[in-house]
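Enquirer: Build me a model from this:
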Amino acid sequence: MKLVSDFAYLSYQYLIIDVELGNDLGFNMSFFTQLISKERMCFYMVILEFKAKSFKKMDSPLEGENRKAKYVCYAKANTIPFELNNWLSTNPREQKMTTNVAKNIKESLIENEDFHELNRGIVLSVNKVTYDNKTNTVQIELEDSEIHGNIDGGHTLRAIFELNEKNMVKDDRYVFMEIFTGIDSPVELASARNTSVQVDLKSIEELQKSFDVLKDILSGLEFSNRIAYKMNEHCNDDIDPIDVREIIALISMFSQTLYPYKNEDGTLCDQQPIQCYTGKDATLKKFVKIKKEEREEMLLRMKGIIPDIFKIWEYIETNFAYLSQKAGKRYTSRKYSKYDDKNIVSKSKFYEKDMHYVVPKGMIYPIVGAFRSLITIDPETNNYKWIKDIDFMLEKMASKLVGIVLDENAENTDVLGKNANLWSNLFKELYIEGYLI
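Expert: Presented below is the predicted three-dimensional model:
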């Protein structure tokens, strides 16, 4: 059984336990690419060391078998191992190192000998901690990447890594560190500790794996690698990230659990999903308020139509000028279109197609939302499907819907996105075409 593809000597150890073969193998190595496989179940632990002063243990005041413990110390910054960089998934947000906050941390670490007092410090969750008071060495043991790793102070940790690589951290620089053992889940602690820059709801939900089924459903779509499921994700990448709240808002409009278009007696519901446009956080809260099992079942039932939702958006956005012309209107003459026939002024939101104009979201949301009127539930499978071919309906009805929006003559497109009558009129146009003609 091949466990290691490449390894070299390091000052820390990996203990690899091959459950299938029942062998305990000890290695000193820096890198391994294949450790856990579905075919052969393997567990591993990593032991890392760094120097520290003023090390203290604080046992939990609560009694019980699984008592948690907290250890505090001043860690010597230039001895903190870079391998901790592989244990950041327990932190609910990505670290954006181009911000003023990150730059100030690095500047302070270089210039201030009392950095350990000025900085909030680093919080870790680990399996086990030991301290050698003769050598002032802290040894931490990490096993499970879903529980163990950095919980708070990710920017500080990354700043230390970056400056250590350049040998710019002086020998007398320390950072305050809190190390917890016995934690079953990092979610509550991460949520409570990440308050200097408030962690948003999506980051906490990502830590709780609330989006796993959604990720699987979206995985085949071209833009899936650009979706940001937590704060600052992709901020250091050369891509235009899409907030997962936007994804959820669009999908939620079509959910008959969240926004049913019919009342229990079968009559059309007057309420339109305007909240999906006006409040992304409110929509996310509504989405995660559903029990996880029910939410995942809802998404799986919608799986067949979800790619079409983004197809509808793309078609409306990239053809808006043509569709307005077809409806007898001239969209490109409007100031907010920012039309330039010689230059590319924008890209479409999901598939990044070059465009010579901009279409504000307040104009697109009501149109895309109107297509929820074409949803029906298969009585045999309970899955979502379209009452009529969606490509045919887009070709037939899109220009009419664009014309209705442009008839509003609003200078502020945000007003259109909040116009309940507009949402209702667009919905009824498609409903009549889908069910009554």
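
Enquirer: Have a look at this structure and report its longest helix.
Expert: Longest helix in the chain by number of residues (criterion: DSSP state H): helix 390-406.

Enquirer: Going by neighbour count, list what's buried in that helix.
Expert: Buried residues in helix 390-406, counting neighbours by 16 or more other CB atoms under 10 Å, are found at 390, 393, 394, 397, 398, 399, 401, 402, 404, 405, 406. From N, CA and C alone the C-beta is placed, and that goes for glycine too.

Enquirer: Kindly report the same for stretch 344-362.
Expert: 346, 348, 349, 350, 355, 356, 357, 358, 359, 361, 362.

Enquirer: What sits closest to residue 83 if chain neighbours are left out?
Expert: residue 48 (5.8 Å; CB to CB, 6 or more residues apart in numbering).

Enquirer: Backbone torsions only: list them for the residue nearest to residue 344 when sequence neighbours are not counted.
Expert: Once flanking residues are discounted, residue 344 sits nearest to residue 354: 4.5 Å by CB to CB, 6+ apart. Main-chain torsions, residue 354, degrees, to the nearest 10: phi -60, psi 140.

Enquirer: do you know how far residue 354 is from residue 222?
Expert: From residue 354 over to residue 222 the distance is 15 Å, taken as CB to CB, to the nearest Å.

Enquirer: Then residue 336?
Expert: Look at residue 336 and residue 222: by CB to CB, they are 27 Å apart.

Enquirer: and these two? which has more neighbours close in?
Expert: residue 336 (16 against 10; other CB atoms under 10 Å).

Enquirer: so who does the more buried one touch?
Expert: For residue 336, the contact set (CB atoms under 8 Å, 6 or more residues apart in numbering) comprises 358, 360, 411, 413.

Enquirer: who's in contact with the first one?
Expert: Residues in contact with residue 358, defined by CB under 8 Å, 6+ apart, are 336, 337, 338, 345, 346.

Enquirer: JSON lines for those residues, including secondary structure and pLDDT?
Expert: Converted to JSON lines, these look like this (DSSP: H, G, I helix; E, B strand; the rest coil; pLDDT from 0 to 100):
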{"residue": "336", "secondary structure": "helix", "pLDDT": "92"}
{"residue": "337", "secondary structure": "helix", "pLDDT": "95"}
{"residue": "338", "secondary structure": "coil", "pLDDT": "94"}
{"residue": "345", "secondary structure": "coil", "pLDDT": "94"}
{"residue": "346", "secondary structure": "strand", "pLDDT": "95"}
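
Enquirer: Which of the residues you listed sits closest to residue 284?
Expert: Nearest to residue 284 among those is residue 346, at 25.6 Å by CB to CB.

Enquirer: looking at the sheet around the closest one, what are its partners?
Expert: Beta-bridge partners of residue 346, counted by DSSP bridges, are residue 355.

Enquirer: who's in contact with it?
Expert: Contacts of residue 346 by CB under 8 Å, 6+ apart are 338, 355, 357, 358.

Enquirer: Go again with 10 Å.
Expert: Contact analysis of residue 346 by CB atoms under 10 Å, 6 or more residues apart in numbering lists 317, 337, 338, 340, 352, 353, 354, 355, 356, 357, 358, 359.

Enquirer: thinking again about what came up before, which of the contacts of residue 358 lies closest to residue 212?
Expert: Distance ranking of the contacts of residue 358 against residue 212, using CB to CB, places residue 346 first at 32.1 Å.

Enquirer: What's the separation between the closest one and residue 353?
Expert: Counting by CB to CB - residue 346 and residue 353 are separated by 10 Å.

Enquirer: One more: residue 431?
Expert: From residue 431 to residue 353 the distance is 29 Å (CB to CB).

Enquirer: Could you find the closest non-adjacent residue to the most centrally placed residue in the chain?
Expert: Central residue of the chain (CA atoms, centre = their mean): residue 229, 0.6 Å from the mean position. Ranked by CB to CB, 6+ apart and with sequence neighbours excluded, the top spatial neighbour of residue 229 is residue 206, at 4.3 Å.

Enquirer: now residue 398
Expert: Nearest to residue 398 is residue 323, by CB to CB, 6+ apart, at 5.2 Å.

Enquirer: Now do the buried residues in the helix or strand hosting the one you found.
Expert: Residue 323 belongs to helix 320-326 when assigned by DSSP states H and E. Neighbour-count burial for helix 320-326 flags 320, 321, 323, 324 (criterion: 16+ other CB under 10 Å).

Enquirer: Off-centre distance for the top strand by length along the chain?
Expert: As assigned by DSSP state E, the longest strand anywhere in the chain is strand 42-59. With CA atoms, centre = their mean, to the nearest Å as the basis, strand 42-59 stands 30 Å off its chain's centre.

Enquirer: Model confidence score at the residue lying closest to residue 352 once chain neighbours are set aside, please.
Expert: Spatially, and ignoring its direct neighbours in sequence, residue 352 is nearest to residue 240 (7.1 Å; CB to CB, 6+ apart). With respect to pLDDT, residue 240 scores 87.

Enquirer: Farthest pair within the contacts of residue 346?
Expert: Top of the distance list for those (CB to CB): 337 and 352, 18.8 Å.

Enquirer: what about the chain, any weak spots by pLDDT?
Expert: 1-44, 63-67, 92-93, 187-200, 234-237, 437 (pLDDT under 70).
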